[in-house]
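1. Would you be able to build a 3D model of this:
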Amino acid sequence: MATLMGHWHLRGYTVFAVERKEDGQTIGYAGPWYPLDWPEPEMGYGFRAEAHGKGYASEAVLAALQYAYDELGWKTAISLIDVRNEGSRSLAKRLGAQHESNLSLPEKTPAEIWRHVSPEVLKERIGSRVMLDEA
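-> I've put the predicted structure just below:
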């Protein structure tokens, strides 16, 4: 929790909690993330196993990308994916991200850099509809 709060104070943003509308259960997170030792701004995400395969992650990451591009002014975004995480790799592919290169995260975990679509391509794909609840 302290890491997320610190990120908010340093960067002015952090990842969003993702809740299921039906019951308000927190099922994961998605959103802008840029630790000081990261190569560039990342679209981070992670979901509980019970939420896999139901479209929640795709919807949340698309909404978070739209937010990062429209509200934060990002021109690009990556996702750093642990090489063992096939689920995250599959989601990145479904969202149109392209594998760009490999690196080791600070914990020496082998990871892949996946480049997300540009703001222009994202707008073409989703149109101008608002994806974030304005509650």
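
2. by contact count, what packs against the lengthiest helix in the chain?
-> Counting by DSSP state H, the longest helix found in the chain is helix 56-70. With contacts defined as 3 or more CB pairs under 8 Å, 6 or more residues apart in numbering; DSSP states H and E, helix 56-70 has these neighbours: strand 16-19, strand 26-33, strand 42-47, helix 86-94, helix 119-126. Heads up, the C-betas are built off the backbone N, CA and C, glycines and all.

3. To residue 77, which of these lies closest?
-> Residue 77 sits nearest to strand 42-47 of all the helices and strands packed on helix 56-70, at 4.5 Å, using CB to CB.

4. For the closest one, buried residues please.
-> 42-45, 47 (16 or more other CB atoms under 10 Å).

5. Tell me what angle it forms with helix 56-70.
-> Per axes from the mean of the first three to the mean of the last three CA atoms, to 10 degrees, the angle that strand 42-47 makes with helix 56-70 is 160 degrees.

6. tell me the mean pLDDT over strand 42-47?
-> The pLDDT scores in strand 42-47 average 95.

7. Just the CA coordinates for the lowest-mean-pLDDT helix or strand in the chain, please, in PDB.
-> None of the helices or strands of the chain scores lower by mean pLDDT, DSSP states H and E than helix 2-11, at a mean of 76. Provided in PDB are the C-alpha atoms of helix 2-11 (Å, rounded to 0.1, in the frame of the first residue of the first chain):
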ATOM      1  CA  ALA A   2       2.800   2.400   0.900                       C
ATOM      2  CA  THR A   3       4.400   1.800  -2.600                       C
ATOM      3  CA  LEU A   4       1.200   2.800  -4.300                       C
ATOM      4  CA  MET A   5       0.700   5.900  -2.100                       C
ATOM      5  CA  GLY A   6       4.300   6.900  -2.700                       C
ATOM      6  CA  HIS A   7       3.900   6.400  -6.500                       C
ATOM      7  CA  TRP A   8       0.800   8.600  -6.400                       C
ATOM      8  CA  HIS A   9       2.700  11.400  -4.600                       C
ATOM      9  CA  LEU A  10       5.800  11.200  -6.800                       C
ATOM     10  CA  ARG A  11       4.100  10.700 -10.200                       C
END
